[in-house]
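[1] here's my sequence, what's the structure:
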Amino acid sequence: MARRAQLGWLVVALVAASPARADDQNSLTIRAPRPAADGQTRTKVELESRRLEAEHLGDVLRSVPGALALDFGGVLATTTISLRGGTADEAAVLLDGVPLGSPAGGGLDLSLVPAALLSQVLVERGADARLGAAAMSGAIELTPAKSSRALLTAGSLGTFGASASLARDFVTDAAWWRATIALDARRSAGDFVYHRDPTPETAGDDPLVTMRRANNDATIRSVLVRVERRAPEGKLSGFAFGTWTDRGLPGPIFSPTPTARQDEKTLVADLDWRTKTLELPLFARTGFLDATGGDAVTLSGEQTYLDVGTKPAYARPLGPLLLRLSGLAGGERFDGTYHGHHTRWRGGLGVEIARERGRLTGSLAGRVEMWGNAVGLLPRLGASVAIERGLYLYANVGGGFRPPSFGELYYSAGPILPNPDLLPERSWTADLGARYQRPGTRLDLEANGALFAGLFQDQIIYEMFSGSLVKPFNLGQARTVGVEGEARASLGEGPLKGLGASTALTLLTATNLVPGPNSYGNDLPYRPRARVDGRLTYARGRVRASAGVDWTAQAFTNTANTRSVAPFLDVRASLGVRVVADAWLSVEVRNALDVTDRACLEGYPLPGRVVLAHLGWIPEER
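    Next comes the predicted model:
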């Protein structure tokens, strides 16, 4: 796909790229339980304090332990996610249970999903057989907006934006209805001045060179329409989510592409019927991408895809247990100017036995899926035990599976060659954690900590093939070990009423197990060993304020661990004042220290200080 082309020089430089719904009365017995009762590690992202900030999904996920957002540089730049050291392809992003992104792979561009269109973000880490092959390292589950609000934005880097959602409830003699429409349009000129070391391979403090990032503009438009009908016989819901993006492809700073452009249109639609024991969903996603002005790296041409599928589920009680059965059926097709036409069918069956009540709860699940000629078995066992009121211990172990994407199998993009003989990736992951919850009107407190480990087999790694060309091979084996911790507290009474604080910590060792003197035992590229995020919020009366600090450790950028991106500190803050009723004025500052020589990815600098002003109509979330 074109996004692989955008990463072309990055892959060549690395020599080897990185291997490694809200519940309701009619769905409680179908969906897996949301708390840690099933032993899975999850984080529910707090969104209300961010309503006066112009964030996309990648910005929101920075405060989640175990999650690393890789930013290509800019307010609306392409952003991908890594969960616990996995690749973007190994993390499923689901909107109302429907996968987003393209069958060509490369991971979802998180900048395409504005936070203003969401009411809930739930991040699950570790393989989960119940979610299928897409969730090898975890999943990000999104719930669409359910209330009315609006936000206008203007600020640095020629950034302008407008988002609005309107929700209405209707009651008839036979049913209850909710209709929601949400619109979002954002643009950023994107060009900025940055500084770089002209000789990063040479020891010493050379004077930094001032340069300008060009062809970095982006325009993103999106629309979401959702209708829900609830009646005694069941719930019927459907949505359509479309995006239209036009952006420049600046390329890496050591090989810029000043004329490369990308025009992308996507549409995801879903129709879902649920009763207390049955769920019948049907979804489709399609997209068109046109890349122009490219060179050997950013290959020009058109690409289209179509994906349709269903994942029915049935549940029934078995005494104190609950039996869930699920299926999978669908197919995907991809057509490209230089890549031909390719189709792949998929199918699967899953079973789960769960105990959701009592001091000891848990889930035993197994699933088999077939994607074309690739077949995977996904087992899972998880449990939670209540130690005392509010304190729980939980654990899980599970197997993951990911078939190669169409991009890895068939599509060449500049220096990247395909490999139709690739095998599926497979993994084992495990968690051991504790969660503490103490809700209260005066002090609301929640803390969670987990030890995790993962072993990845047949990992798809890009290696030099001939000259400057690279090609994916199943040479990759990797091991991840780490610690996650997070805590949140808020005051509901007293002189500091409205004050909240949160912190998240990730310690990760992602080890390359590929034999060789320049690979075995080294860190995987772009896997920093530590990340710390802290955030203070205040919401009382006519004032809303927030301040956050995000520190990311050094990360190596190649398998030999001879090059790296430096550690950096990102300081953000916002202040909002209610003008009248639900109308707010606010100012947001990103990279407040104005650091101009930082980057998440080698060759893709991040901008200096960014200041954005907002005018919002923000009623309380229902």
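[2] all helices of the stretch 351-500 of the chain, in order?
    For the stretch 351-500 of the chain, the helices defined by DSSP state H, counting those that start in this stretch cover 406-410.
[3] where does it have low pLDDT?
    412-416, 463-470 (pLDDT under 70).
[4] so which residues of it form strands?
    Along the stretch 351-500 of the chain, counting by DSSP state E, counting those that start in this stretch, strands occupy 360-371, 374-388, 391-402, 425-438, 443-466, 469-491, 499-512.
[5] tell me which helix or strand in the chain has the weakest average pLDDT.
    When each helix and strand of the chain is scored by mean pLDDT, DSSP states H and E, helix 8-14 comes last, with a mean of 41.
[6] after it comes which helix or strand?
    Using DSSP states H and E, the helix or strand that follows helix 8-14 in sequence is strand 41-45.
[7] what about that following strand, distance to the chain center?
    Remark: strand 41-45 is offset 13 Å from the chain centroid, using CA atoms, centre = their mean, to the nearest Å.
[8] flag the shaky bits of this structure, pLDDT-wise.
    1-36, 200-205, 294-300, 338, 412-416, 463-470, 621-622.
[9] center of the protein - which residue?
    Centroid-nearest residue in the chain, with CA atoms, centre = their mean: I81, separated by 4.9 Å.
[10] dig out what that residue forms beta bridges with.
    Beta-bridge partners for I81, by DSSP bridges, are A69.
[11] now do T159
    Taking DSSP bridges, one obtains G155 as the residues bridged to T159.
[12] for it, give me its contacts.
    A54, V75, L76, T153, R186, R187, S188, A189, V610, L612 (CB atoms under 8 Å, 6 or more residues apart in numbering). The way it works is simple: take the backbone N, C-alpha and C, and place the C-beta from them, glycine included.
[13] which of the strands of the stretch 351-500 of the chain sits closest to G541?
    Closest to G541 of these is strand 499-512 (CB to CB; 12.7 Å).
[14] how about residues contacting stretch 588-600?
    Contacts for stretch 588-600 (CB under 8 Å, 6+ apart): 52-54, 69-73, 155, 193-197, 208, 526, 552, 565-566, 568-574, 605-614.
[15] do you know how far the residue nearest to E602 when sequence neighbours are not counted is from G86?
    Nearest residue to E602 in three dimensions, chain neighbours excluded: T557, at 4.3 Å (CB to CB, 6 or more residues apart in numbering). From T557 across to G86, the span is 18 Å (CB to CB, to the nearest Å).
[16] compare those two (neighbour count), which wins?
    Using other CB atoms under 10 Å, the more surrounded residue of T557 and G86 is G86, with 35 against 21.
[17] and that one, what does it touch?
    G86 touches A20, M136, S137, G138, G454, F456, counting by CB under 8 Å, 6+ apart.
[18] checking it next. Helix, strand or coil?
    coil (DSSP: H, G, I helix; E, B strand; the rest coil).
[19] and it, how far is that from T480?
    8 Å.
[20] ok, P495 next?
    With CB to CB as the criterion, P495 and T480 are 45 Å apart.
[21] of these two, who's got more company?
    T480 (22 against 6).
[22] quick check: the more buried one touching T509?
    Yes. The pair T480 and T509 passes the contact test of CB atoms under 8 Å, sitting 7.1 Å apart.
[23] show me whatever sits in contact with both of the two.
    By CB under 8 Å, 6+ apart, no residue touches both T480 and T509.
[24] quick one on the thing from earlier: possible to save the strands of the stretch 351-500 of the chain as JSON lines with distance to L325?
    Formatted as JSON lines, the strands of the stretch 351-500 of the chain follow (distance: least, CB to CB, whole Å):
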{"stretch": "strand 360-371", "distance to L325": "11"}
{"stretch": "strand 374-388", "distance to L325": "15"}
{"stretch": "strand 391-402", "distance to L325": "18"}
{"stretch": "strand 425-438", "distance to L325": "24"}
{"stretch": "strand 443-466", "distance to L325": "28"}
{"stretch": "strand 469-491", "distance to L325": "32"}
{"stretch": "strand 499-512", "distance to L325": "36"}
